[in-house]
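Asker: would you be able to build a 3D model of this:
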Amino acid sequence: MEFGIFVQGYVGRRAETDPLAEHRVLMEEAEYVILADRSGFKYAWASEHHFLEQYSHLSANDVFLGYLAHATDRIHLGSGIFNPLAPVNHPVKVAEKVAMLDHLSEGRFEFGSGRGAGSHEILGFLPGVTDMDRTKEIWEETIAEFPRMWLQDEYPGFRGKHWSLPPRKILPKPYGKSHPAMWYAAGSPSSYAMAGSKGLGVLGFSVQRVSDMEWVLDSYKSAIGRARPIGGFVNDNVMVTTTAVCAETHERAVAIAAAGELNHLQSLLFRYHDTFPRPDGIPEWPELVPAYTAEVVELLIAEELLICGDPDEVLQQCKRWEQAGADQLSFGLPAGIPYEDTLNTIRLIGEHVIPQIDTDPIHRTTRFRQA
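Answerer: Numbering: from 1, shown residues only. Just a heads-up that it's a prediction; the model follows:
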């Protein structure tokens, strides 16, 4: 199992007391990726969100990733996601950005796509549309066109329901062999199966606990085994995200997590991701999920909803994900946690956890692409 981190420009309540909060968050998250690169993490994923106040201010992730392409050496940089819906980003512009980042990173770019966070975000780009199902239709029409834009000398053009283009040379072409690995941000079992059938890796932002891996793998691995890939190769990969806090002692890690305003992040998640099922006990915004106590954090650890503890404990918790079949475990770093404590989490995991689990020096996606 490989390791990654996930950043999204989460500002939270910091702006209430710090007028430079937005700037500091973006610069801090860039430093997290740079340290993760030095610490043995293989992937860094950056979101693309729009209009989601406090929850995500990382709207121009292509710019963010372009900076990181120069600031890092080994880590693969992924769009988690680029939104390829024509009303949001013209598909040709997306293809050009992917190829450009592939060059700037010298083959370290990962192309994750998806349909956006929810109605507040996506319907802002679709005036008069009230049905989120329309986004599936636009994505399906578009996704298979990207390999054709990258691999054909002249793209023969496209005329679809939602966008069109006359024959043109799409430049630049990707760096080296084939094209960057392609991923899809999936939620429901049917989405995992759909991604697998197209040969796409899955960004499993909806996987909450280790026990969820059973239905994820059932849906995905059977489909990927009979995939008709839309791209140059099959990216047989399931990435899952979870929150991680690591400190020198268990007690210190729990105290950091309890003070990290995880309840605010959870409340904002369900404020904006209105396509996710709302669990019992999650109130309607602006009412917040109750603040987490040390007892709540201990319960989350026991229920395998949070990776938290000293390095030995975090190692065992990560091994549970590996045993369950995750190909990549990507850590969302709790946004309310102080900068130095977050850096320490990255250092400790890089020193004590990753070398015990990921012993392959080559990235999984690199092997697929080179083959």
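Asker: chain center to stretch 263-276, what's the gap?
Answerer: From the chain centre to the centre of stretch 263-276 is a distance of 16 Å (CA atoms, centre = their mean, to the nearest Å).
Asker: renumber starting at 25 from here on
Answerer: Sounds good: first residue 25 from here, last item stretch 287-300.
Asker: got the buried residues for that stretch?
Answerer: H288, L289, Q290, S291, L292, L293, F294, R295, Y296, H297, T299 (16 or more other CB atoms under 10 Å). All C-beta atoms are positioned from the backbone trio N, CA, C, and that covers glycine.
Asker: and if you look at stretch 328-347?
Answerer: In stretch 328-347, counting by 16+ other CB under 10 Å, buried: 328, 330-335, 337-339, 341-342, 344-345.
Asker: please, where are all the helices along the stretch 125-274 of the chain?
Answerer: 143-146, 157-166, 169-175, 213-221, 237-248, 274-282 (DSSP state H, counting those that start in this stretch).
Asker: and of the ones you listed, who's closest to T267?
Answerer: Closest approach to T267 among the helices of the stretch 125-274 of the chain (CB to CB): helix 274-282, 8.0 Å.
Asker: tally of neighbours for V87?
Answerer: V87: 12 surrounding residues under other CB atoms under 10 Å.
Asker: check contacts around it.
Answerer: Listed by CB atoms under 8 Å, 6 or more residues apart in numbering, V87 has no contact partners.
Asker: and the longest strand along the chain, what's its mean pLDDT?
Answerer: Longest strand in the chain by number of residues (criterion: DSSP state E): strand 262-270. In this model, strand 262-270 carries a mean pLDDT of 97.
Asker: what pairs with that strand, parallel or antiparallel?
Answerer: If you go by DSSP bridges, strand 262-270 pairs up with strand 225-228 (parallel), strand 331-333 (parallel), strand 352-356 (parallel).
Asker: most tightly packed of those strands?
Answerer: For the strands paired with strand 262-270, the largest average neighbour count (mean count of other CB atoms under 10 Å) is found in strand 225-228, namely a mean of 29.
Asker: which residues touch it?
Answerer: In contact with strand 225-228 (CB under 8 Å, 6+ apart) are residues 69, 104-105, 136, 138, 205-210, 216, 219-220, 240, 244, 259-265, 351, 389.
Asker: cool, and stretch 328-340?
Answerer: The contact list for stretch 328-340 (CB under 8 Å, 6+ apart) reads 232-235, 266-274, 277-278, 281, 321, 324-325, 341-342, 344, 355, 372-373, 375-377, 380-381.
Asker: give me the buried entries from those residues.
Answerer: By 16+ other CB under 10 Å, the contacts of stretch 328-340 give 233-234, 266-271, 274, 277-278, 281, 321, 324-325, 341-342, 344, 355, 372-373, 377 as buried.
Asker: I'd say R252 and G220 touch.
Answerer: No: contact criterion CB atoms under 8 Å: R252 and G220 do not qualify, at 10.5 Å.
Asker: of those two, who's got more company?
Answerer: G220 (26 against 8).
Asker: pLDDT wise, what is the more buried one at?
Answerer: 97.
Asker: look up the closest residue to it, ignoring the ones flanking it.
Answerer: Of all residues not flanking G220 in the chain, A247 sits nearest, at 3.0 Å (CB to CB, 6 or more residues apart in numbering).
Asker: now the one you found: how far from G228?
Answerer: Taking CB to CB, to the nearest Å as the measure, A247 falls 14 Å from G228.
Asker: A60 reaches A54, doesn't it?
Answerer: No: using CB under 8 Å, A60 makes no contact with A54, being 10.7 Å away.
Asker: neighbour-wise, which of those two wins?
Answerer: Shown here are A60 and A54; by other CB under 10 Å, A60 has more neighbours (27 against 19).
Asker: so for the more buried one, what's the pLDDT?
Answerer: Taking A60 on its own, its pLDDT is 98.
Asker: distance of it relative to P108?
Answerer: For A60, the distance to P108 - CB to CB - is 26 Å.
Asker: ok, now which ones touch the closest residue to T96 other than its chain neighbours?
Answerer: Distances taken as CB to CB, 6+ apart place D61 nearest to T96, at 4.1 Å, with adjacent residues excluded. Counting by CB under 8 Å, 6+ apart, D61 touches A68, T96, D97, R98, I99.
Asker: identify the farthest-apart pair in those residues.
Answerer: A68 and D97 (12.2 Å).
Asker: the two: who's more crowded?
Answerer: Neighbour totals were compared for A68 and D97, and A68 leads with 27 against 11 (other CB under 10 Å).
Asker: that one in helix, strand or coil?
Answerer: At A68 the chain is in strand, as set by DSSP: H, G, I helix; E, B strand; the rest coil.
Asker: close enough to count as contact, it and E26?
Answerer: No: using CB under 8 Å, A68 makes no contact with E26, being 11.9 Å away.
Asker: now list whatever residues contact both of those two.
Answerer: If you check A68 and E26 against CB under 8 Å, 6+ apart, no residue is contacted by both.
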